[in-house]
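>>> Need a 3D model of the following:
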Amino acid sequence: MTLRTFRRKSLDLLSREWLFFTALIGLIATSFWRGRLPAMHWGDLEPIWLLWGLFVSIRGIERSHALCRVGHFMERLPAPGISLVLLGFVLGMFLTIDVALVTLVPIVFAMGLRGRIRVLLLASFAAHAGAALLPFGTPQNLFIYYHFQPGLIEFVRAVAPLSFALLGLFLLVGLLAGVRVETPARPGELQKLAKIPAMLYLLFFLLVAAAVLGLLPAGIVLLPLLYAWAVDEETLKVDYFLLLTFVVFLALASNVREMIAPWFHRGEDIFFLSAALSQVISNVPTTLLLEPITIHWRSLLWGTNVGGFGTPIAALANLILIRLYRSYAGTTEGFMKPFWLANLPVLLFGAALYYALRHL
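So this is what the prediction gives:
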């Protein structure tokens, strides 16, 4: 490998995984300042172990082409804009925000929609709203649920007003947008469904989700990992840099929590701080940073989910959406301006809703 090639690959890696390297620099700097490395225990890393199991299970479902079949069915329904918003919400709720986006983007590009960008943004926003509703819908939800252990019913009750208010907003906009399909996808264009892998990985997903809820031991994650290793190694190719980023941010959060803990006591402080920090460092790192220093888990839950709207880096899912759009459209030209114009009002709507409900 020549020096020029090494330099180019290094710069590519830095540009793709800037969040990891930023966190690593922060960890090194805070460790020097404190004079010691943070202490990490298995209990700190167990949520990341569960995330690994979810990622592998989701990738297996994706590779079975089951979700594309669902999308083809939705395409034949009336009011495709409404159908895609509902599909995004359901996929986000049950199969996480990442797999919802991985599924929605190719479906939208295959459907020949008029106003494709508008529909894609609405469907992806709905996936955010659906993913916010359950503990395993987003990584920040999983970390909050695991750390505070509020119980499933209490968790859903806390975030349901946000989730369903956003769904109602997106359904209304989808209805007013008047979206229609101009060139429907033909059945022959769909890839063959792998029924047995689809059912197995769905079962694995449900088992790992049960472990997230505390109904099964965390060791259940070994099932999808061992199956993928023995039968389908391609499914093991998940985003390991993302998992490693979570580990680094856990360690960084341990270092800095004593530095900022005395400043924030009220729930409103945590909501607005987490929503604002998410715009700069993304909502998952914000969760890892703030959860050890607050008892206001509801405010943190709302703040990090509302804070996922806004800037491209407010949520890792935003970066995934932009990457996926570029891979299908070849460029992000014409996409980023609508992205900004659509995200900022949703961010303000979520903040206003939180403030209104707190002061009723």
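>>> quick one: least confident helix or strand in the protein?
Within the chain, no helix or strand scores below helix 66-75, which has a mean of 68 by mean pLDDT, DSSP states H and E.
>>> Which is the succeeding secondary structure element to that helix?
The helix or strand immediately downstream of helix 66-75 is helix 80-110, counting by DSSP states H and E.
>>> Torsion angles phi and psi at residue 308?
Backbone torsions of residue 308, given as degrees, to the nearest 10, read phi -70, psi -20.
>>> Would you confirm that it contacts residue 315?
Yes. Assessed by C-beta atoms under 8 Å, residue 308 is found in contact with residue 315 at 3.6 Å. Every C-beta, even on glycine, is put in place using the N, C-alpha and C of the backbone.
>>> any residues in contact with both of those two?
128, 138, 278, 283 (C-beta atoms under 8 Å, 6 or more residues apart in numbering).
>>> For residue 109, give me its contacts.
Neighbour list for residue 109: 116, 328, 329 [criterion: C-beta under 8 Å, 6+ apart].
>>> Would you mind measuring from the closest residue in space to residue 282 that isn't next to it in sequence to residue 192?
Leaving aside its chain neighbours, residue 282 sits nearest to residue 313 (5.4 Å; criterion: C-beta to C-beta, 6 or more residues apart in numbering). Using C-beta to C-beta, to the nearest Å, residue 313 is found at 37 Å from residue 192.
>>> and if you look at residue 224?
Residue 224 is 22 Å from residue 192, by C-beta to C-beta.
>>> between those two, who's got more neighbours?
residue 224 (28 against 8; other C-beta atoms under 10 Å).
>>> and the more buried one, what pLDDT?
Residue 224 is assigned 93 on the pLDDT scale.
>>> Check which helices and strands whichever strand or helix holds it sits against.
Counting by DSSP H and E, the element that carries residue 224 is helix 222-231. For helix 222-231, the contact count by 3 or more C-beta pairs under 8 Å, 6 or more residues apart in numbering; DSSP states H and E identifies helix 42-63, helix 195-212 as packing neighbours.
>>> Would you mind giving those as CSV with mean pLDDT added?
Shown next, in CSV, are these (pLDDT from 0 to 100):
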stretch, mean pLDDT
helix 42-63, 82
helix 195-212, 87
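>>> Tell me which of those sits most buried.
Compared across the helices and strands packed on helix 222-231, helix 42-63 shows the largest average neighbour count, a mean of 20 (mean count of other C-beta atoms under 10 Å).
>>> what residue ranges in the stretch 1-150 of the chain are flagged as low confidence?
For the stretch 1-150 of the chain, applying pLDDT under 70 flags the ranges 1, 67-68, 70-72, 74-75, 110-113.
>>> just how off-centre is the helix or strand that contains residue 290 within its chain?
Here residue 290 sits within helix 283-290, counting by DSSP H and E. For helix 283-290, the gap between its own C-alpha mean and the chain's C-alpha mean amounts to 13 Å (C-alpha atoms, centre = their mean, to the nearest Å).
>>> just to revisit the earlier point, settle it for me: which of residue 308 and residue 315 has more neighbours?
More neighbours surround residue 308 than the other of residue 308 and residue 315, with 32 against 29 (other C-beta under 10 Å).
>>> Look at that one and report its pLDDT.
pLDDT, read off for residue 308, is 94.
>>> quick one: it and residue 330, what's the gap?
In this view, residue 308 and residue 330 are 26 Å apart by C-beta to C-beta.
>>> before we move on, what about residue 347?
29 Å.
>>> How about residue 125?
Taken as C-beta to C-beta, the span from residue 125 to residue 330 is 23 Å.
>>> before we move on, back to that, going through the contacts of residue 109, which ones are buried?
Those of those that meet the buried threshold are 116, 329, by 16 or more other C-beta atoms under 10 Å.
>>> Quick check: buried residues in stretch 152-165?
So, applying 16+ other C-beta under 10 Å, buried residues of stretch 152-165: 155, 158, 159, 162, 163.
>>> quick revisit: looking at residue 347 and residue 330, which one has more neighbours?
Taking neighbours as other C-beta under 10 Å, residue 347 and residue 330 compare with residue 347 leading, 19 against 8.
>>> And the pLDDT for the more buried one?
pLDDT, residue 347: 95.
>>> How about the contacts made by the nearest residue to residue 50 once chain neighbours are set aside?
Nearest residue to residue 50, sequence neighbours excluded (C-beta to C-beta, 6+ apart): residue 212, at 5.5 Å. Residues in contact with residue 212, defined by C-beta under 8 Å, 6+ apart, are 50, 54, 135, 136, 142, 145, 146.
>>> Now residue 151: phi and psi?
Taking degrees, to the nearest 10, you get phi 90, psi 150 for the backbone angles of residue 151.
>>> what separates it from residue 26, distance-wise?
33 Å.
>>> More neighbours: which of the two?
residue 26 (20 against 13).
>>> my guess is that one meets residue 254, correct?
No. Counting by C-beta under 8 Å, residue 26 does not reach residue 254; the two are 11.8 Å apart.
>>> outside of whichever strand or helix holds residue 14, which residues touch it?
Residue 14 belongs to helix 3-16 when assigned by DSSP H and E. Identification of contacts with helix 3-16 by C-beta under 8 Å, 6+ apart yields 21, 241.
>>> Send me it as CSV with only the CA atoms.
What follows is helix 3-16, C-alpha atoms only, in CSV (Å, rounded to 0.1, in the frame of the first residue of the first chain):
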residue,chain,number,x,y,z
LEU,A,3,1.5,6.3,1.3
ARG,A,4,-1.0,8.2,-0.8
THR,A,5,-3.5,5.2,-0.6
PHE,A,6,-3.0,4.9,3.1
ARG,A,7,-3.6,8.6,3.6
ARG,A,8,-6.7,8.5,1.5
LYS,A,9,-8.1,5.5,3.3
SER,A,10,-7.3,7.1,6.7
LEU,A,11,-9.1,10.3,5.7
ASP,A,12,-12.1,8.3,4.5
LEU,A,13,-12.2,6.5,7.8
LEU,A,14,-12.0,9.7,9.8
SER,A,15,-14.8,11.3,7.8
ARG,A,16,-17.1,8.3,8.1
